[in-house]
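**Q** Just the structure for this:
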Amino acid sequence: MNSRYEIQGQTVTLPVEVRDASSGTVMYMVDRDAAQAIIPEEFEADEMAPGKTQLCLVIVDYRDNDLGDYDEVGVIFFVRPKGQPEAEVGTYIHWLPVNQDFTRQAGCEIWGFPKTVEEIDFRVEETSATCRLSMGGEHVLTLTLPRGGDAETPDTPAVGYTLLDGAPHRIAFSRGGKQEGTRPGGEGVLLELGPHPVADALRSLGLPDLTPLLSNWSEHFFGTFGEVEKL
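**A** The predicted structure follows:
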């Protein structure tokens, strides 16, 4: 039986379905120890290369989604639960600003996603997309990346990790996309950091000076967010 939640007078049934969105991702290789200083002690940063781990900045314009029409910015690490080297590597979202309150409450209560309502300006042009994030009236970041592509990715299952009520949990989700393009390196990527403490945390990882490992744009992202399981 699918789980059901009451959020602001509406029923949310898992899995939550994303039918159409646009998303951009920029991936960096950062110092693992510096990342671990940010990640909660319940999780361990994946060592993709000696002393290095992956960091993704993600921007999403949700258009058709069970949780509404909203914009989102994510700061994502790849982790395993602490002391479980055999566990599957999954995503851990450390900051997840959104610009609508319904999805904030649903994300926090159902999965433990660290959603806060902030000011997000999402602009899409012919060959690029730009997202500006401000928190508490302070500029955090402005990210521009190239868009365009004709690749397709089937709906693919994945795993995420989160802290819900202070305890580590595992989340089942999936994602796919159409009109996708992946570009190696930092061509067309521009990251500007502001004075906010979140921007300072990103500076501690070497941003904005690091060259990205790659960037990806999906014109039509789709997927699901499913059940959450306590570890």
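**Q** how about the closest residue to residue 217 other than its chain neighbours, what does it touch?
**A** In this structure, residue 217 finds its nearest non-sequential neighbour in residue 147, 4.2 Å apart by C-beta to C-beta, 6 or more residues apart in numbering. The way it works is simple: take the backbone N, C-alpha and C, and place the C-beta from them, glycine included. Residues near residue 147 by C-beta atoms under 8 Å, 6 or more residues apart in numbering: 22, 24, 124, 127-129, 181, 217, 219.
**Q** Next: residue 219.
**A** Counting by C-beta under 8 Å, 6+ apart, residue 219 has contacts 22, 147-149, 177-180.
**Q** how much space between it and residue 22?
**A** Distance, residue 219 to residue 22, using C-beta to C-beta, to the nearest Å: 6 Å.
**Q** hmm, which of the contacts of residue 147 are the buried ones?
**A** Neighbour counting by 16 or more other C-beta atoms under 10 Å classes 22, 24, 128-129, 181, 217, 219 among the contacts of residue 147 as buried.
**Q** Can you tell me which of those residues end up in strands?
**A** 22, 24, 128-129, 181, 217, 219 (DSSP state E).
**Q** Include distance to residue 204 and pLDDT when you put those residues into TSV, please.
**A** Below are these laid out as TSV (distance: C-beta to C-beta, whole Å; pLDDT from 0 to 100):
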residue	distance to residue 204	pLDDT
22	30	98
24	23	98
128	27	97
129	26	98
181	30	97
217	27	98
219	33	97
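**Q** that older thread, selecting buried members of the contacts of residue 219 in ChimeraX, what would you type?
**A** Here is the ChimeraX command that selects only those of the contacts of residue 219 that count as buried (16+ other C-beta under 10 Å):
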select :22,147,149,177,179,180
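**Q** Which members of the contacts of residue 219 are positioned in strands?
**A** If you go by DSSP E, those have 22, 177-180 in strands.
**Q** from these, which is closest to residue 228?
**A** Distance to residue 228 across these (C-beta to C-beta) is lowest for residue 177, with 23.5 Å.
**Q** Let's see the pLDDT reported for the closest one.
**A** Here the pLDDT value assigned to residue 177 is 96.
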